[in-house]
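Visitor: Here is the input, now give the coordinates:
(one chain, ligands or ions: 3)
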Amino acid sequence: MQDQTTVGTLLGAMRANPPLVQCITNFVAMNIAANVMLAAGASPAMVHAEEEAGEFAAISGALTVNIGTLSAGWLAGMLAAAQSATQAGKPWVLDPVAHYATAFRRKAAAQLLEQQPTIVRGNASEIIALAGGASHGQGVDSRDPVELAEVAARQLAERHGCVVAVTGVTDFVTDGPRARRIEGGSSLMPQVTALGCSLTCLVGAFAAAVPDNPFDATVAALAVFAVAGEQAGAAADGPGSFSWRFLDALAALDADTLSAKARIMTA
Ligand SMILES: Nc1ncnc2c1ncn2[C@@H]1O[C@H](COP(=O)(O)OP(=O)(O)O)[C@@H](O)[C@H]1O
Ligand SMILES: Cc1ncsc1CCOP(=O)(O)O
Ligand SMILES: [Mg+2]
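Guide: Ligands and ions are numbered 1, 2, ... in the order given. Modelled structure (predicted):
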């Protein structure tokens with residue numbers, strides 16, 4: 001019950017003072033992620049250029065970094081922003097999209113991890129591989145169940161002193177000693193591109209709202225997606241109508257409904 005009350009309170013707190021979140025995300029995600037952030041009540045800015053990314057991180061409430069469509073110039077911007085956020089004491093979130101796929105991505109993910117992310121959010125295949133295990137991911141898509149990534153998530157959290165979120169049918173969040181499972185969402189969610197990337201940005205919004213509590217912030221963002229996703233999925237005819245229904249559900253979700261409908265279990 002404590003968790004249920006907390007997620008509603010955090011949604012209210014985030015919306016009461018909409019945080020500026022610098023989202024370095026990929027070309028696929030930029031538009032949907034910005035719309036998801038606005039619908040949920042946050043203030044996104046997609047700012048990635050090497051020339052300004054570090055400066056912008058210092059004036060943002062939080063930073064999110066996603067390597068989905070990586071290039072050398074973007075990576076330089078990501079590293080500058082991550083360094084700046086860490087120096088300014090701002091939370092930042094890493095989304096290691098398909099980091100196992102190529103040597104360039106593997107090295108980039110390792111360099112970014114060295115910059116001490118506050119939170120890492122990925123699908124099960126990404127989290128298993130990031131901890132050094134053998135994953136079955138195919139490109140950006142997971143081919144592993146979340147349950148198989150739980151040990152890897154705890155290891156990563158302990159090793160890097162961060163919160164780790166694994167998403168899928170039932171999400172899992174841990175900081176090492178503590179862990180939660182969040183049920184909900186819809187089987188249509190993986191059929192709409194970049195919803196994971198959008199969730200990473202929303203995790204940044206909640207982390208900006210409560211920078212001293214990244215664990216609760218992550219649980220709250222995942223609970224928002226779980227409840228809004230379930231509502232949109234119940235009415236949708238397919239991925240197309242799910243997309244707009246999901247934005248509407250995010251915008252309509254209030255704190256009391258979130259607290260009443262969130263299904264959060266201690267793991
Ligand atoms: N089969 C499913 N049932 C319910 N929710 C899902 C399912 N697959 C993914 N989700 C939800 O979709 C969102 C994105 O997660 P995921 O698909 O794991 O990320 P990614 O897009 O990075 O692979 C999360 O909120 C997650 O809980
Ligand atoms: C399809 C695709 N290709 C490169 S990034 C990207 C989007 C991945 O989005 P998500 O990780 O949320 O599924
Ligand atoms: Mg992803």
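Visitor: ends of stretch 120-136, how far apart?
Guide: End-to-end distance of stretch 120-136: 19 Å, with C-alpha to C-alpha, to the nearest Å as the criterion.
Visitor: what's the closest non-adjacent residue to Met265?
Guide: Leaving aside its chain neighbours, Met265 sits nearest to Arg181 (4.6 Å; criterion: C-beta to C-beta, 6 or more residues apart in numbering). Using the backbone N, CA and C atoms, a C-beta is placed for each residue, glycine as well.
Visitor: Can you read off the pLDDT for Gln4?
Guide: For Gln4, the pLDDT comes out at 86.
Visitor: Compute the number of surrounding residues for it.
Guide: Gln4 has 16 neighbours, counted by other C-beta atoms under 10 Å.
Visitor: same question, Ala62
Guide: 29.
Visitor: What does the pLDDT read for it?
Guide: Reported pLDDT at Ala62 in the predicted model: 98.
Visitor: okay, Met1: pLDDT?
Guide: 68.
Visitor: my guess is Phe27 meets Thr69, correct?
Guide: Yes - using C-beta atoms under 8 Å as the test, Phe27 is close enough to Thr69 to be in contact (4.7 Å).
Visitor: Among the two, which residue is more densely surrounded?
Guide: Neighbours of Phe27 and Thr69, each counted by other C-beta under 10 Å, are more numerous for Thr69; the result is 14 against 10.
Visitor: The more buried one should be in a helix, yeah?
Guide: No - assessed with DSSP: H, G, I helix; E, B strand; the rest coil, Thr69 is coil; it does not lie in a helix.
Visitor: residues contacting it?
Guide: Asn26, Phe27, Val28 (C-beta atoms under 8 Å, 6 or more residues apart in numbering).
Visitor: Next, the second one: phi, psi?
Guide: So the one you mean is Phe27. The phi/psi pair for Phe27 (degrees, to the nearest 10) reads phi -60, psi -30.
Visitor: And Ser135, how far from Ala152?
Guide: 9 Å (C-beta to C-beta, to the nearest Å).
Visitor: Now for those two: what residues contact both?
Guide: Common neighbours of Ser135 and Ala152 (C-beta under 8 Å, 6+ apart) are Ile128.
Visitor: I'd guessed the residue nearest to Met265 sits against Phe172; true?
Guide: Yes - with contact defined as C-beta under 8 Å, Arg181 and Phe172 form a contacting pair (5.6 Å).
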